[in-house]
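# Build me a model:
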Amino acid sequence: MEDFSPKPETRPAQSRSRVEPYARVVDSWLRADRSMPRKQRHTARRVFDRLVAEQGFAGSYSSVQRWVKHWRQEHRAESEGFMELAWAPGIGQVDFGLAKAVIAGVERDVHVLVVSFPFSNMRFCVALPGENAECVCSGLITVFERIGRVPRILVFDNATGVGHRFGREVTMTGVFNAFQAHYRIGEVRFREPVLGS
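A predicted model of the protein is given here:
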């Protein structure tokens with residue numbers, strides 16, 4: 001063999017959609033939908049049903065569904081745009097909340113540390129007596145033990161319990177600095193309260 005480099009991947013040629021012969025008809029329906037109220041617009045199911053009834057379509061529903069989805073993505077108006085939030089694995093978001101709990105027969109407010117992992121959409125909650133640095137560290141230890149690992153990055157909604165905010169700057173407490181070093185948390189971020197990021 002003269003060349004030992006790996007062979008380039010060959011992709012199978014994309015097959016033509018069974019909906020393409022009906023593209024003009026479907027396109028006219030979907031374009032007309034833009035002037036209709038949302039509840040009266042065509043769903044993929046409605047497009048499929050009309051194609052079968054009015055055009056004699058013999059393809060599958062899933063092919064119509066894929067075609068309609070692709071059409072909507074290509075013809076999306078700027079006002080319909082959205083920004084997809086993408087989170088990498090190993091990032092945890094941390095925030096406090098309040099909950100009512102009955103303790104020894106008395107209803108009390110309980111501080112709840114909520115740690116969520118947006119990549120996997122998992123969340124863990126720990127009830128704590130307060131929102132200081134010791135409580136944050138104790139709650140995070142409980143979560144770390146439960147999941148069996150430590151996230152690389154922690155994003156705090158605000159500096160409550162782990163630091164003090166002066167304008168846009170956050171100074172972390174000595175307790176939390178030691179906690180971060182001990183657990184080798186690579187980065188700690190704080191959301192900007194004014195900008196929401």
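# now residue 87: how far from residue 41?
Using C-beta to C-beta, to the nearest Å, one gets 31 Å for the distance from residue 87 to residue 41. C-beta coordinates here come from the backbone N, C-alpha and C atoms, glycine included.
# So the closest residue to residue 163 other than its chain neighbours versus residue 38, what's the distance?
Distance criterion C-beta to C-beta, 6 or more residues apart in numbering; nearest residue to residue 163, sequence neighbours excluded, is residue 172 at 4.1 Å. Computed as C-beta to C-beta, the residue 172 to residue 38 distance reads 47 Å.
# neighbour-wise, which of these two wins?
A count of neighbours by other C-beta atoms under 10 Å puts residue 172 above the other of residue 172 and residue 38, at 18 against 6.
# Quick check: the more buried one touching residue 178?
No. Using C-beta atoms under 8 Å, residue 172 is not in contact with residue 178; the gap is 9.8 Å.
# How is the chain partitioned into domains?
For the chain, automatic domain parsing gives the domain ranges 20-80, 91-190.
# ok, the residue nearest to residue 163 - contacts?
Residue 172 makes contact with 159, 162, 163, 180, 188, according to C-beta atoms under 8 Å, 6 or more residues apart in numbering.
# can you name the two of these that are farthest apart?
159 and 180 (13.6 Å; C-beta to C-beta).
# what's the neighbour count on residue 178?
The burial count for residue 178: 13, using other C-beta under 10 Å.
# can you pull the pLDDT of it?
pLDDT, residue 178: 93.
# Let me see the ranges of the helices in the chain.
23-33, 44-50, 61-74, 133-147, 174-183 (DSSP state H).
# so which of those helices comes closest to residue 7?
From the helices of the chain, taking C-beta to C-beta, the stretch that ends up closest is helix 61-74, at 29.9 Å.
# What average pLDDT does that closest one get?
When pLDDT is averaged over helix 61-74, the result is 90.
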